[in-house]
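Asker: sharing a sequence plus its predicted fold:
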Amino acid sequence: MTAQDRTGKALVKSSSPAGGRRTAPLRRSDIPRAGTAVRRAPGPGAVLGAVLDHGPVARSTVARLTGLSPAAVSGHSATLLGRGLLREERETTGPRGLGRPHVPVDIDTDRYLVAGAHVAVAHSTLSLLDLRGRVVAEDRRQHGSTDPATVLAGLAGRLPGLLDARGAGRRVLALGAATGHWVDPEAGVVVRHPQLGWRDVAMRDVLADATGLPVHVDSHSRALARAEQLVGQAATRESAVLLFVGAVVDAAFVTAGAVHQGPRFGAGSVAHLPVGTATAAGACVCGTSGCLQSEVSEPAMVRRATAEGLRVPTFPALLERALEGDRLALSLFLRRARHVGRAAAVLLDMFDPEVLVVVEPGAGRLPGCLDALRSEVGDRSWVCDDPERSVVPSSFTGSVLATAGAAVALGALYDDPLGPWPALPAVS
């Protein structure tokens, strides 16, 4: 398969806060005080974001939430209504009929969707999300081959059928694509993914040519951090670390409201933090044992289960055994949680974020795992004085991969709703 390098030009052959702390995380339903902007996006993006958080909502409330003038909010709302991104709800008045009537606006979830493609080590996931970030459809399939041409063609080929079956007549605005490791969103290229054997794969161009859609590409950790900002933990909006633990182990960092990418788009490589011992269940691709990935990745979990006499063919099978109450399987996930807690403590001390989000199924689904992780953080971190508040599970447990790809496109839409979205009507 031919693929662009990171510049997007050459084609190459690809291989196979100050003040007191809150007692609980800020949720999206908590309306800020007057004059406090919910988002940094200017104009239309700020209006659309405020409606996402609080809709159906009066335009006057949007003005208070964003700090924009009522006239500006009215103008931006009219534009977003014209593009089909907002809709007007029934006229309402205050309690007992008091107050001036108003017509609330809300996100229109009946016209458009975003599609998502996530490429994992063993399988790929195609998904559809509405404009509130809710999963409408999901189709996950094992790889027959990890050749990039085969994987990307398969994803593109499955999209029309998924849309026909579950789209309910709605149009797709764009396709978001995500995978692990090093992804350059500016060039649309997967720079390097060791487990897949991918290098300089032009994911954006290949998928755009195959689907005819605008395509936005990023790493799955950065995509999930953006998803948390949009429709998950509101505490992630200004300052956060997201730690992804799967077949790939990586991270994303939110500072001053933006998801940090780095000058070479390589931010988030935390797989080889030393957290274990030389007796780990196998060496990592970095050539050593005892690093985070060699201790807690999905393949490492399966190897350790086998070494301890629990033969399971796949990580999902191991997770299912733990969910069923198998004591050995659960003990392996508790061990994993403690190692993840060690890494989390390091990241909390390095970045001192408002919150650290752990994307790992044990933390979200298994009894005791989140407590074990937080306990490790409490024992090891020098700056985190409240692990229960500062360390939280993913908002998307059970739909992480379906959310990741599409969140890239959804984030682009909320960042620039007046941008070049071919499926939307032009509004002057």
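Answerer: On my side now, so go ahead.
Asker: quick one: residue 215 and residue 192, what's the gap?
Answerer: 20 Å (Cβ to Cβ, to the nearest Å). Where you see a C-beta, it was placed from the backbone N, CA and C, and this is true even at glycine.
Asker: neighbour count: the two, which is higher?
Answerer: Comparing residue 215 with residue 192 by other Cβ atoms under 10 Å, the one with more neighbours is residue 215, at 24 against 17.
Asker: give the next helix or strand downstream of the worst-scoring helix or strand of the chain on mean pLDDT.
Answerer: The helix or strand of the chain with the poorest confidence is strand 11-13; it has a mean of 34 (mean pLDDT, DSSP states H and E). Per DSSP states H and E, the first helix or strand lying C-terminal to strand 11-13 is helix 43-54.
Asker: show me what secondary structure element comes after that next one.
Answerer: From helix 43-54, the next helix or strand downstream (DSSP H and E) is helix 59-66.
Asker: next SSE downstream of that next one?
Answerer: helix 70-82.
Asker: domains of the chain?
Answerer: Listed by automatic domain parsing, the domain ranges of the chain are 2-8+110-225+401-415, 43-107, 238-394.
Asker: report the contact partners of the residue nearest the centre of the chain.
Answerer: Nearest residue to the geometric centre of the chain (Cα atoms, centre = their mean): residue 224, 1.2 Å. Listed by Cβ atoms under 8 Å, 6 or more residues apart in numbering, the contact partners of residue 224 are 242, 244, 252, 357, 359, 394, 396, 400, 403-404, 407.
Asker: element containing residue 370?
Answerer: helix 369-380.
Asker: mean confidence score for that helix?
Answerer: The pLDDT scores in helix 369-380 average 98.
Asker: check the offset of it from the chain's centre.
Answerer: 23 Å (Cα atoms, centre = their mean, to the nearest Å).
Asker: contacts for it?
Answerer: In contact with helix 369-380 (Cβ under 8 Å, 6+ apart) are residues 333-334, 336-338, 340-342, 344-346, 348, 358, 360, 362-364, 384, 387-388, 390-391, 393.
Asker: again, 7 Å this time
Answerer: Contacts of helix 369-380 from elsewhere in the structure, counted by Cβ atoms under 7 Å, 6 or more residues apart in numbering, are 333-334, 337-338, 340-342, 344-345, 348, 358, 362-363, 384, 387-388, 391, 393.
Asker: residue 177 touches residue 405, doesn't it?
Answerer: Yes. Using Cβ atoms under 7 Å, residue 177 is in contact with residue 405, at 5.4 Å.
Asker: overlap in contacts of those two?
Answerer: In contact with both residue 177 and residue 405: residue 117, using Cβ under 7 Å, 6+ apart.
Asker: in stretch 176-194, which residues are buried?
Answerer: 176-185, 187-194 (16 or more other Cβ atoms under 10 Å).
Asker: now, the residues you listed that are in strands?
Answerer: 176-179, 182-184, 189-193 (DSSP state E).
Asker: what about the helices in the stretch 101-250 of the chain?
Answerer: 148-166, 203-211, 220-231 (DSSP state H, counting those that start in this stretch).
Asker: where does the stretch 51-200 of the chain have low pLDDT?
Answerer: Applying pLDDT under 70 to the stretch 51-200 of the chain flags the ranges 93-101.
Asker: now do 90
Answerer: 90-102 (pLDDT under 90).
Asker: just the buried residues of the longest helix anywhere in the chain, please?
Answerer: Of all the segments of type helix in the chain, defined by DSSP state H, the longest one is helix 327-351. Of the residues in helix 327-351, 329-330, 332-348, 351 count as buried by neighbour count, 16+ other Cβ under 10 Å.
Asker: what's the angle from it to helix 369-380?
Answerer: 40 degrees (axes from the mean of the first three to the mean of the last three Cα atoms, to 10 degrees).
Asker: next one: residue 69 relative to residue 417, how far apart?
Answerer: Counting by Cβ to Cβ, the gap from residue 69 to residue 417 is 19 Å.
Asker: those two: which has the busier surroundings?
Answerer: residue 417 (23 against 10).
Asker: just the pLDDT for that one.
Answerer: Model confidence at residue 417, given as pLDDT, is 96.
Asker: show me what contacts it?
Answerer: Going by Cβ under 7 Å, 6+ apart, the list of residues near residue 417 reads 44-45, 48, 80, 83, 85.
Asker: now stretch 149-162 - C-alpha only, CSV.
Answerer: Taking Å, rounded to 0.1, in the frame of the first residue of the first chain, the C-alpha atoms of stretch 149-162 are listed here in CSV:
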residue,chain,number,x,y,z
ALA,A,149,-4.8,-1.3,2.8
THR,A,150,-6.9,-4.3,3.8
VAL,A,151,-7.9,-2.8,7.2
LEU,A,152,-8.9,0.6,5.8
ALA,A,153,-10.7,-0.7,2.8
GLY,A,154,-12.7,-3.0,5.1
LEU,A,155,-13.7,-0.1,7.3
ALA,A,156,-14.7,2.1,4.3
GLY,A,157,-16.7,-0.8,2.8
ARG,A,158,-18.7,-1.5,5.9
LEU,A,159,-19.9,2.1,6.4
PRO,A,160,-22.8,2.2,3.8
GLY,A,161,-24.3,-0.9,5.3
LEU,A,162,-24.1,0.3,8.8
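Asker: any idea how far that stretch is from the chain center?
Answerer: On Cα atoms, centre = their mean, the centre of stretch 149-162 falls 21 Å from the chain's centre.
Asker: what does that stretch rub up against?
Answerer: By Cβ under 7 Å, 6+ apart, stretch 149-162 touches 1, 115, 117, 119, 124, 126, 128, 137, 139, 143-144, 203, 206-207, 210-211.
Asker: and if you look at stretch 330-349?
Answerer: Residues contacting stretch 330-349 (Cβ under 7 Å, 6+ apart): 241, 243, 245, 251, 270, 273, 275-276, 292, 295-296, 301, 304-305, 322, 356, 358, 360, 362-363, 366, 368-369, 372-373, 376-377, 380-384, 390-391.
Asker: and with 6 Å instead?
Answerer: For stretch 330-349, contacts defined as Cβ atoms under 6 Å, 6 or more residues apart in numbering pick out 241, 245, 273, 275, 292, 295-296, 305, 322, 356, 362, 366, 369, 372-373, 376-377, 380-384.
Asker: buried members of these into PyMOL, please.
Answerer: Once 16+ other Cβ under 10 Å is used to decide burial, the buried members of these can be selected in PyMOL as follows:
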select buried, resi 241+245+273+275+292+295+296+305+322+356+362+366+369+372+373+376+377+380+381+384
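Asker: residue 114: what's it in contact with?
Answerer: 129, 173-174, 406, 409-410.
Asker: what sits closest to it if chain neighbours are left out?
Answerer: residue 409 (4.1 Å; Cβ to Cβ, 6 or more residues apart in numbering).
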